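Participant: Just to be clear, the model below is a prediction. Sequence and coordinates:
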Amino acid sequence: MSKSTPTQPPRRHDRLLGEHQHDTYKQRGQLKGPAHCRKCGAVYGKGRWAWGDQDREHTHAVLCSACSRIADNYPAGELMLSGDFIDRHEQEILNLVRNVESVENSEHPLNRIMKIGPSKEGILITTTDIHLPRRIGTALRSAWEGELDIHFDDGANFTRVRWQRD
Ligand SMILES: [Zn+2]
């Protein structure tokens, strides 16, 4: 990964603007009937999103909340990786990060990594959902120990996780 393309962490004014956006994402998540995402092709039925070859022609075309968040650059979670260990083992760490995402995403299409990029403190990973930062953080700690802090902001429906390993 190139360090020359910094990822912008969510800014404070984004969080304020986000109040009604959050509601929008929530509403988009509550679909009445079968649907599919016109962007990523995930299909919705029986109360959950899945990957599959279900009949798309006869279901509503919508934009799933993951694609909406990506389009708006409005993450639901973030994971900060910091410490000297990160520099020395960046590739292995990012491989594990992608593996966890891939397993999670196969079961839960709306759980995705939005961006991975350098930040002042290390590497910042943003996600389309509130679960992935914790899953990835837990996997990193299992693999390499280090310190894991998990914070869920109920009001903002936002997960902030930090993994520090020196
Ligand atoms: Zn989608």
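Facilitator: Yep, that arrived.

Participant: can we go C-alpha only for contacts and neighbour counts from here?
Facilitator: OK.

Participant: so how far is residue 37 from residue 52?
Facilitator: When distance is defined by C-alpha to C-alpha, to the nearest Å, residue 52 is 12 Å away from residue 37.

Participant: Of the two, which one has the most company?
Facilitator: residue 37 (20 against 11; other C-alpha atoms under 10 Å).

Participant: what residues do residue 52 and residue 37 have in common as contacts?
Facilitator: residue 43 (C-alpha atoms under 8 Å, 6 or more residues apart in numbering).

Participant: Spatially central, which residue of the chain would that be?
Facilitator: For the chain, the residue sitting closest to the mean C-alpha position, by C-alpha atoms, centre = their mean, is residue 127 at 1.6 Å.

Participant: Quick check: that residue touching residue 77?
Facilitator: Yes - between residue 127 and residue 77 there is a contact under C-alpha atoms under 8 Å: 5.1 Å.

Participant: joint contacts of these two?
Facilitator: residue 133.

Participant: List the contacts of the residue nearest to the centre of the chain.
Facilitator: 75, 76, 77, 78, 111, 112, 113, 114, 115, 133.

Participant: Could you save those residues as JSON lines and add columns showing secondary structure, neighbour count and pLDDT?
Facilitator: Output for those, formatted as JSON lines (DSSP: H, G, I helix; E, B strand; the rest coil; neighbours: other C-alpha atoms under 10 Å; pLDDT from 0 to 100):
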{"residue": "75", "secondary structure": "coil", "neighbour count": "25", "pLDDT": "96"}
{"residue": "76", "secondary structure": "coil", "neighbour count": "24", "pLDDT": "96"}
{"residue": "77", "secondary structure": "strand", "neighbour count": "26", "pLDDT": "97"}
{"residue": "78", "secondary structure": "strand", "neighbour count": "28", "pLDDT": "98"}
{"residue": "111", "secondary structure": "coil", "neighbour count": "22", "pLDDT": "97"}
{"residue": "112", "secondary structure": "coil", "neighbour count": "25", "pLDDT": "98"}
{"residue": "113", "secondary structure": "strand", "neighbour count": "23", "pLDDT": "98"}
{"residue": "114", "secondary structure": "strand", "neighbour count": "21", "pLDDT": "98"}
{"residue": "115", "secondary structure": "strand", "neighbour count": "19", "pLDDT": "97"}
{"residue": "133", "secondary structure": "helix", "neighbour count": "31", "pLDDT": "98"}
